[in-house]
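Student: with the input below, show me the fold.
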Amino acid sequence: MPITLLGTASLTVQGFLRDAKTKLIKFVPESTFSDPSYHLPHFYDLFALWADERDHMFWREAAKASRTYLHTACHPITGLAPEYANFNGSPAEPQPHGDFSHFFSDAYRVAANIGLDWAWFQKDIWQVDQCNRIQAFFRNIEVSDYRRYTIEGQAFDEPALHPVGLLATNAMASLASDGPEAEYFVRLFWHTPLRTGLRRYYDNCLYFFSLLALSGNYRIY
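Tutor: Coordinates of the predicted model:
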């Protein structure tokens, strides 16, 4: 998750963490691309209320830019987003440390972020259809069969590293979805235990956030 700082001077926020032209968050300060799961417009709207007054306008514009960006980063049929994406929303080119142009571990958070944004603000009706799409894609796939996917939905012969985390975010999408899969994913999540073993940290972090949100306890204070 990106680190967000209340009260940070606009020059630092815009020039160090964000692309100055698009106002979109960078993957890391020196990168020329973004990560769709880093886009948290629901927090930016709050920063626009409570951060340093000099930054209010910037955060309002950043929230609007991020909501628009997710329209282009998420596939219009499957709803899947890449781990890394260019500032125009297209999958980023392979990096020296690997190819992150597909739907894999980072990208799971996109559905959760969109669901929470809708639950808090309901500013973008597209989010409802987006959450319906991603739930429809995973409806007939067993959790034990979750894989890495292209954003078009083609499965790799590579299992998901964090299947419980992916299920948790698919369930959190029910905060926005109004399709027939919304209750299915919440019930499946409720009956799925926390993960144990070597990779439990990331899965159970996503599990925790989803449980907070779906129970109505992820609130604005």
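Student: all strands for this protein, in order.
Tutor: 147-149, 155-159 (DSSP state E).
Student: out of the ones you listed, nearest to Ala182?
Tutor: Proximity to Ala182 (C-beta to C-beta) singles out strand 147-149 among these, at 21.2 Å. Bear in mind the C-beta positions are built from the backbone N, C-alpha and C, glycine included.
Student: from Phe43, how far out is Lys23?
Tutor: Per C-beta to C-beta, to the nearest Å, Lys23 is found 14 Å from Phe43.
Student: then Ile141?
Tutor: From Ile141 to Phe43 the distance is 30 Å (C-beta to C-beta).
Student: comparing the two, which residue is more hemmed in?
Tutor: Phe43 (21 against 14; other C-beta atoms under 10 Å).
Student: what pLDDT does the more buried one get?
Tutor: Looking at Phe43, its pLDDT is 97.
Student: same check on Ser215?
Tutor: Model confidence at Ser215 (pLDDT) stands at 97.
Student: what's the neighbour count on it?
Tutor: Residues near Ser215, counting by other C-beta under 10 Å: 9.
Student: for Pro180, see how far away it is.
Tutor: If you go by C-beta to C-beta, the gap between Ser215 and Pro180 works out to 22 Å.
Student: so what's Thr169 closest to, chain neighbours aside?
Tutor: Among residues not flanking Thr169 along the chain, Ala112 sits closest, at 4.2 Å (C-beta to C-beta, 6 or more residues apart in numbering).
Student: nothing else from me, thank you.
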